[in-house]
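# just to be clear, the model below is a prediction. Sequence and coordinates:
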Amino acid sequence: MISGTSIGCMISHRNRSHIEFIKSYIKFILDLKTEIKYKQESLIRILENYSLNEYLYPFINKCVNLSKTYPLDVAWDMSFTNLSSSFGVPIEEEKIIRRFATKLGQTDVEGQLQYFEYSISTIKPYLNKAIEDRKKNEKLPIILGLCISLIISVVII
């Protein structure tokens with residue numbers, strides 16, 4: 001019975017991780033927007049100094065290291081892989097996140113700020129849907145886990 005409940009809790013945790021990861025990604029874009037707007041430093045310098053985000057820091061750190069040998073967009077794409085297995089981020093959302101760097105640094109400051117707004121508006125519907133799904137199915141994983149445990153128990157007996 002405990003193992004079934006554990007499975008349900010793991011599913012619930014995965015949903016929570018997905019939501020927190022997307023929230024962190026949006027916060028990162030907002031932080032990046034602020035840095036570029038007011039400090040107008042280079043992207044690599046901003047990324048090197050970025051450590052505010054526990055979810056994204058390992059990916060950004062990897063990106064900074066890879067950007068020493070690859071262009072930023074390639075380094076970003078290489079860094080943000082396997083989000084579905086790590087955080088439960090669906091493939092479609094992972095593709096959006098991985099393509100984020102393709103237009104970084106290619107326009108003036110105002111163009112970058114508009115791109116950040118566009119990026120947030122692109123990912124936000126996915127966040128809203130994930131939150132809605134979590135509210136709708138909040139207890140489902142635990143109940144499902146209990147049911148699976150009961151079925152296994154009955155089969156064993």
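In hand now; what should we look at?

# from now on I want contacts and neighbour counts done on CA atoms only, so please keep to that.
Noted.

# ranges for the strands of this protein?
Read by DSSP state E, the chain holds no strands at all.

# all the helices of it, residue numbers only.
For the chain, the helices defined by DSSP state H cover 2-38, 43-48, 57-66, 72-79, 83-87, 91-99, 109-136, 140-156.

# could these go into a markdown table alongside mean pLDDT?
Below are the helices of the chain laid out as a markdown table (pLDDT from 0 to 100):
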| stretch | mean pLDDT |
| --- | --- |
| helix 2-38 | 77 |
| helix 43-48 | 83 |
| helix 57-66 | 90 |
| helix 72-79 | 91 |
| helix 83-87 | 78 |
| helix 91-99 | 90 |
| helix 109-136 | 88 |
| helix 140-156 | 70 |
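
# out of those, deepest packed?
Among the helices of the chain, helix 72-79 has the highest mean neighbour count (mean count of other C-alpha atoms under 10 Å), at a mean of 20.

# tell me the angle it makes with helix 57-66.
Here helix 72-79 runs at an angle of 130 degrees relative to helix 57-66 (axes from the mean of the first three to the mean of the last three C-alpha atoms, to 10 degrees).

# which elements pack onto helix 72-79?
helix 57-66, helix 91-99 (3 or more C-alpha pairs under 8 Å, 6 or more residues apart in numbering; DSSP states H and E).
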